[in-house]
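Novice: Sequence below, structure please.
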Amino acid sequence: MIAEIINSGMQPFQNLNVIRRVAKETQSEDKKLEWIKFYLTKGFKAVEDILRDTSGKYCVENQITIADLCLVPQVYSAKRFNIDMTGFPNVLRVNEELEKVPEFVRAHAHHQIDTPQELKGN
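Specialist: Numbers count the residues shown, from 1 in each chain. Predicted structure coming up:
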């Protein structure tokens, strides 16, 4: 359920193609950011509610699942767009644990071969 909320209820609304269209249609950078904030916040509220019941160290108890693979990039996006995450303590806690997992560290966007130099290692 967590993966589906993120996959269909959050990610598409902050996809680069979509937000470029929103900015073009509204002719407003502020409206674009308002759009992103609305959908990411709405999605994180739903994920937070579920994590209260399902999380352990990770999204579903102590086993890494597809939900965890979906969560990390969405938290990254929230940081990128300056979304206030203080209302989502379980999301932040799980994300913090996942960021310690070596495979997640290696998969981070800032560690990819095509990452701009100014972002590498951050």
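Novice: Let me know the pLDDT of the most centrally placed residue in the chain.
Specialist: Nearest to the mean C-alpha position of the chain, counting by C-alpha atoms, centre = their mean, stands residue 74 at 0.9 Å. On the pLDDT scale, residue 74 is placed at 95.
Novice: now do residue 111
Specialist: pLDDT recorded at residue 111 is 69.
Novice: For the remainder of this discussion, apply numbering that starts at 13.
Specialist: OK, 13 is where the count begins now, so the last one is residue 123.
Novice: The residue nearest to residue 24 when sequence neighbours are not counted - how many residues pack around it?
Specialist: Nearest non-adjacent residue to residue 24, counting by C-beta to C-beta, 6 or more residues apart in numbering: residue 30, 6.4 Å away. The way it works is simple: take the backbone N, C-alpha and C, and place the C-beta from them, glycine included. Under the neighbour criterion other C-beta atoms under 10 Å, residue 30 is assigned a count of 16.
Novice: Correct me if wrong: residue 30 contacts residue 23.
Specialist: No. Using C-beta atoms under 8 Å, residue 30 makes no contact with residue 23, being 9.6 Å away.
Novice: Contacts for stretch 97-115 next, please.
Specialist: With C-beta atoms under 8 Å, 6 or more residues apart in numbering as the test, stretch 97-115 has contacts from 56-57, 59-60, 63-64, 67, 69-71, 76, 80, 83-84, 87, 90-91, 116-117, 120.
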